[in-house]
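>>> pasting the sequence and the predicted coordinates here, then a few questions.
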Amino acid sequence: MVRVMFVCLGNICRSPTAHGVFELVVRQAGLEHLIEVASSGTSAYHIGESPDARSMTAAQDRGYRLSHLRAQQVQIEDFEHYDYLLAMDIQNLTVLQQQCPLITHDKVKLFLDFGSVGENEVPDPYYGGGQGFDHVLDLVEDASRGLLTHIRSQL
């Protein structure tokens, strides 16, 4: 079993979007029995809340479901449990690197390192307009395909 956790600040926009997109990509590849998908935030701002309504709408427009997800915060045990802890941006990458035990440091990466669009951060769409959520989806879809290709090469 390969375990993947997507991480942003509050776990209501970017990381649940990545969670929902990658979950479907994995299911469509018939690998849901081999790949576990989760998402969390580095902060406790929104624990227990559903993803942002704008994230859910943008995702639903492209066929992704996020309504079953609830915000949670990264726990120290996650660094041992998950094989990949993928940060949406450098700020959250830094927080994860500061929290993780040294032995698990190689599990923490930027999610867009698996993408091909030349950007390294998924921008936070929370304070912007609807097009920000579509841009997040564009980046997440691309990086999800790259991540699946990478994981398949490791299986």
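Structure's in. What do you need? Residues are numbered from 1 along each chain as shown.

>>> all strands for the protein, in order.
2-8, 35-41, 84-87, 108-110 (DSSP state E).

>>> helices or strands next to the shortest one in the packing?
Based on contacts counted as 3 or more Cβ pairs under 8 Å, 6 or more residues apart in numbering; DSSP states H and E, the elements that strand 108-110 packs against are strand 84-87, helix 90-99. Backbone N, C-alpha and C define where each C-beta goes, glycine included.

>>> adjacent strands (with direction) for the shortest one?
For strand 84-87, sheet partners with direction are given as strand 2-8 (parallel), strand 108-110 (parallel), following DSSP bridges.

>>> about what we covered before: dump the strands of the chain to CSV, plus mean pLDDT.
Shown next, in CSV, are the strands of the chain (pLDDT from 0 to 100):
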stretch, mean pLDDT
strand 2-8, 98
strand 35-41, 98
strand 84-87, 98
strand 108-110, 98
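
>>> save the ones you listed as CSV, and put in mean neighbour count too.
Formatted as CSV, the strands of the chain follow (neighbours: other Cβ atoms under 10 Å):
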stretch, mean neighbour count
strand 2-8, 24
strand 35-41, 23
strand 84-87, 26
strand 108-110, 19
